[in-house]
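J.: 3D model of this:
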Amino acid sequence: MNAKVEKAGASNALDVVKLVLAGALLVAGLVAYYYFADWNGWARLGMLVVGVIAAAAVGAFTGVGRTVREYITESQFELRKVVWPTMDETLRTTLVIVVVVIILSLLLGLIDLMLKWAVLDHLLKLGR
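T.: Just a heads-up that it's a prediction; the model follows:
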């Protein structure tokens, strides 16, 4: 396993304190949103957003936060390597898929009709 991943899993007491503080900030934002119900909606939403941003800021400086930041950075790096199809390739592939779906639908419908004819019209009438 990657040494960076194994090392990132270890947390210390300061990280726990930071995560608890981040949770408290998030809860404080939620409580403020519902406690000040008579305030303007934008002011309440602002308090909620401030609580979420403060919680994310504190949580970003923990071991878990660093791991998430590394993951996002590496994901963005990998996304730059992706070769996206052109419009013509996309249209051709879509057309092939539509044609295959239509052909398979017709085949399955035909098989269904043959089984209906065999079972309902012939096999069930043998017992009468």
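J.: and the one helix or strand residue 95 maps to, which residues are buried?
T.: In this assignment (DSSP states H and E), residue 95 forms part of helix 87-116. Buried residues in helix 87-116, counted by 16 or more other C-beta atoms under 10 Å: none are found. The C-beta positions use only the backbone N, C-alpha and C, and glycine is treated the same way.
J.: give me every residue that touches residue 104.
T.: Residues counted as contacts of residue 104 (C-beta atoms under 8 Å, 6 or more residues apart in numbering): none.
J.: pLDDT below threshold where in the chain?
T.: Counting by pLDDT under 70, the chain has low-confidence residues at 1-11, 127-128.
J.: could you chop it up by domain?
T.: By the assignment in the TED database, the chain contains the domains 1-82, 84-127.
J.: all helices of this structure, in order?
T.: Assigned by DSSP state H, the chain shows helices spanning 3-8, 13-35, 41-59, 63-81, 87-116.
J.: circling back: can you give me the offset of the helix holding residue 95 from its chain's centre?
T.: In terms of C-alpha atoms, centre = their mean, to the nearest Å, the centre of helix 87-116 is found 29 Å from the chain centre.
J.: before we move on, the earlier item: which among the helices of the chain is found nearest to residue 124?
T.: Among the helices of the chain, the nearest to residue 124 by C-beta to C-beta is helix 87-116 (10.7 Å).
J.: related to what we said a few turns ago, return the most buried member of the domains of the chain.
T.: domain 1-82 (a mean of 13; mean count of other C-beta atoms under 10 Å).
J.: can you give me how far that one is from the chain middle?
T.: 18 Å.
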